[in-house]
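A.B. asks: For reference, the sequence and a predicted model appear below.
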Amino acid sequence: MAEDPQSHGPPEVKDPEPEVAVLVEEEEAAKGDAEIGKPFDDISVVKPCPSKEKREFPMRETVISLGSGGELRFNCFVSLFGLAFLWGISIYCMVEPDKAKESLDEWFAETIQYFTWFYIVGNPIMTFFIFWLAFRYGDIKLGHKDAEPEFSDVSYFAMLFSAGVYEFFVTSYIIQDEIDQWALVITLYHWGFAGWSPYIMIAICCGLASYAFDLPLTVRSCFYPIFGEYIWGWIGDAIDGWSIVMTVAGVCTSLGLGVIQITTGLQRLEWVDPTKTELTGVYVAVIWIVTAFATISVVTGLKLGIKFLSVLGFSLGCLILFLTFVMEKSYYLMNLLVQTTGMYMQWSIFQIPFWTDAFGSLNPGEGRSVDGNSSETWWIGAWTVFYMAWWVAWACFVGLFIARISKNRTIRSVVFGVFLAPTAYAIIWFSFMGGIGLRQARQALELEQLGNNYFQDATYYQSDSSEFCYDVPQEDVYVEGVEDPIFVNTLPGITPVCKFDTSSSPAAWFNVMYSYSYPGTGPNGDFGGFGQFLSGLSIFTLAIYFITSSDSGSLVVDTLASNGAEEHHWLQRVFWAFTEGGVATGLLVAGGSDALGALQAASIVFGLPFNFLIIIMCWCILVMCRTLEERGQSNENMDARLFMPKKTWKMPIYGGVCNVMEVAFSFGHINKSLQASGLTAPTTQHFVGLAKNALFPFVTLYSVYSAIDLKEKNKVTNIFVTLCYAALHVGWIIFFICGHINYGFTALAWTMFFTNACILISVRLTLRGMIGISGNIVGDFVACSFLYPQALLQMEIQLEAEGDLSATDE
């Protein structure tokens, strides 16, 4: 029997003096959790947990007493892991920004080269799963059956929009008609369903785990259906620590890049000297102004500061959208909206999501098109794959935040609010603002051509403010010898119009804002136009979006670092808000945009594993929804152990030798509740067995064959297959070594390797069927291919535990 975890529970935290902080490691679970992880022979004995009796989980927790000011509670390992990794990569980017950017860009390029197919196909898998989920399990709530949502629909939409979308963009492609339309369609693909899919996957998975099954509000809880009680150990700590790295890196990168855009607007307004090129001091000042307001917001809490700023920012964005829509060629924008909506539904749901640009990515010498009409080889990686990877990098932060504000909403409501409504708004936003940018860019090209054709000077209408901008004649233009006007102005007051300057993309937005100048109007004909007002309003709104992103990020990171606790001491939130500001400041001061770009590339590369994890979440969500449907959702918390299988492997595939990580993380003192669930220190059998199976797997394979072939009917066949396995095992090792000679040997090696995996899968399937352990072919494939030494050891240990299998041989 497992020892009572309370037998050496945490020491009581005393407060001898207000100034003295006491560190305590609370690694012991509440009484009764010692039986956690054991198979449920009669699963009906597990009853829903009353909402007032929250389970305690055996996670690492550090408590620092602050005297009368309360106490700090956080997971020391998760926090230190996140901080060490984050500052490590950040310092590298600061100290050697050029080298860091070069190295990380190479990593990014290799990620794109080898995993474009995965980033592309993963997104529509998520999208279609979400639609199916809303149809099949739409009535299931992320909470109790009769509970009401915490936020109104308007506040809910404003908060999720402020967290997930944080920058103004004007689509500024300067080519014509169909290609302009395709620019909008592809942009909307990036910002529509595809952009929100990773967010909603994590939101629904975390929301169900936390609010329906009473698990902590952390990313690790999503994987409880897979890892069970092991998730409270080192595996969960690694997942949450990595989530912190992804969240802070994403927020810091966006904050730094956003500060550059805000500073561009300040220079346009002449609040900052437009001729000034050394802007580091301005960047730092803007970062800390944003950080200060984000800190105030996050300290006041979700229901006050974050909610208020989100609604304010969203409202101001809508105001800018409406003002520019009315001042522009409104019926043109409405036409574009309808046209773009149709194009989006026709192309961006079924066709573009699967487009990998396979032929266009071929380099010269690899079979590239000889007609010269292929896209650039870098295009798919720099645009579509970049966006898909960037959304995944942000998914932990935005998904957890959405889960937090979606409490007690149905899955259908979450899908509508987070999936359909933002996509509809994105179509409106990009059709209007992108349509304005496109129209003005086209008009600038038209004026350039008129100057060249009729005045032999392409710069005839060029504005004094920029070589990319052109003054629009406010009256019709006639030239000698031509009866009709060569230019008809149907939009007086909108001038200058600008082409897109690729060297200064942040200026594109403010070029549009300053185009509403209305020269010659006003009482004395000296009206200054709406440029300053709209630009000032844009900067203020943009700052609010960054503040809400920063405060939401701080809230989420603090939740992750605190083992999912939703109530934290305000100092913890301040710490993470200042950490974000500090990283962004250090990067901008040390390396400028190159350092930020390097960190951005790093966060995208490191986000690749999360793309795999998010796909796995589909199965986890399905398990949770099935459990809630079968047992009926009530007004009480459902025990998460209900959806665990009745019988599991004696040694999980992630157990055995892997448990050495828990020994290291716990400094040799593994929590007793975790030990009761099987997470014990690895034994000699585990190390020896792993080494034996890595070198001589065919020995264990034959012993497994012999154990499951009880009547020795297939002894000859088993010997033959074992010999084939042994030959293939030796063969793939040799051919992989010879792979440097040519790729043909590598191909043979992979063929032999996966043939052996198929043999092992068939054995594992047979054994699982005989002893009644549930599983799936995907899990069997992963275990029997890349983890084959563990899979063989797992079967060997299970056979020892089962004893005589004759009773199962029917």
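C.D. replies: It's in.
A.B. asks: Which helix or strand lies directly C-terminal to the lowest-mean-pLDDT helix or strand in the chain?
C.D. replies: Across the helices and strands of the chain, mean pLDDT, DSSP states H and E gives its lowest value to strand 23-25, namely a mean of 33. Using DSSP states H and E, the helix or strand that follows strand 23-25 in sequence is strand 62-65.
A.B. asks: who does that following strand pair up with?
C.D. replies: Here strand 62-65 has these sheet partners by DSSP bridges: strand 23-25 (antiparallel), strand 71-74 (antiparallel).
A.B. asks: pLDDT (mean, whole number) over it?
C.D. replies: For strand 62-65, mean pLDDT is 88.
A.B. asks: burial of residue 510, as a residue count?
C.D. replies: 24 (other C-beta atoms under 10 Å). In short, each C-beta sits where N, CA and C put it, glycine included.
A.B. asks: in stretch 121-133, what's buried?
C.D. replies: Across stretch 121-133, burial judged by 16 or more other C-beta atoms under 10 Å covers 122, 123, 124, 126, 127, 128, 129, 130, 133.
A.B. asks: possible to save the residues you listed as a markdown table with secondary structure and pLDDT?
C.D. replies: Listed next are the buried residues of stretch 121-133 as a markdown table, based on DSSP: H, G, I helix; E, B strand; the rest coil; pLDDT from 0 to 100:
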| residue | secondary structure | pLDDT |
| --- | --- | --- |
| 122 | helix | 92 |
| 123 | helix | 92 |
| 124 | helix | 94 |
| 126 | helix | 94 |
| 127 | helix | 94 |
| 128 | helix | 95 |
| 129 | helix | 96 |
| 130 | helix | 95 |
| 133 | helix | 95 |
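A.B. asks: Nearest to residue 153 among the residues you listed?
C.D. replies: Nearest to residue 153 among those, counting by C-beta to C-beta, is residue 130 at 19.2 Å.
A.B. asks: now the closest one: how far from residue 157?
C.D. replies: Separation of residue 130 from residue 157 (C-beta to C-beta, to the nearest Å) stands at 17 Å.
A.B. asks: Please apply the same query to residue 396.
C.D. replies: From residue 396 to residue 157 the distance is 21 Å (C-beta to C-beta).
A.B. asks: okay, stretch 502-512 in CSV with CA atoms only?
C.D. replies: These are the backbone C-alpha positions of stretch 502-512, laid out as CSV (Å, rounded to 0.1, in the frame of the first residue of the first chain):
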residue,chain,number,x,y,z
THR,A,502,8.6,48.1,-48.7
SER,A,503,11.4,49.7,-46.8
SER,A,504,9.0,51.3,-44.3
SER,A,505,5.9,49.2,-43.9
PRO,A,506,4.8,50.8,-40.6
ALA,A,507,4.3,54.1,-42.6
ALA,A,508,1.6,52.6,-44.8
TRP,A,509,-1.2,53.0,-42.2
PHE,A,510,-0.3,56.6,-41.5
ASN,A,511,-0.1,57.4,-45.2
VAL,A,512,-3.7,56.4,-45.5
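A.B. asks: hmm, who's touching it?
C.D. replies: Stretch 502-512 is touched from outside by 168-170, 172, 260-261, 264-265, 268, 324, 433, 436-437, 440, 466, 468-469, 498, 500-501, 535, 538, with contacts defined as C-beta atoms under 8 Å, 6 or more residues apart in numbering.
A.B. asks: Which one of residue 396 and residue 157 is surrounded by more residues?
C.D. replies: With neighbours defined as other C-beta under 10 Å, residue 396 and residue 157 compare such that residue 396 has more, 32 against 20.
A.B. asks: After the host helix or strand of that one, which helix or strand is next? Please name it.
C.D. replies: If you go by DSSP H and E, residue 396 is part of helix 386-405. Using DSSP H and E, the helix or strand that directly follows helix 386-405 along the chain is helix 411-415.
A.B. asks: Would you mind pulling the contact partners of that next one?
C.D. replies: Contacting residues not belonging to helix 411-415 are listed as 130-131, 133-134, 137-142, 149, 200, 203-204, 207, 402, 406, 625 [C-beta under 8 Å, 6+ apart].
A.B. asks: same thing with stretch 650-665?
C.D. replies: Outside stretch 650-665, the residues touching it (C-beta under 8 Å, 6+ apart) are 60, 77, 227-228, 230, 233-235, 237, 670, 674, 678-682, 686-687, 689-690, 779, 782-783, 787, 790-791, 793-794, 797-798, 801.
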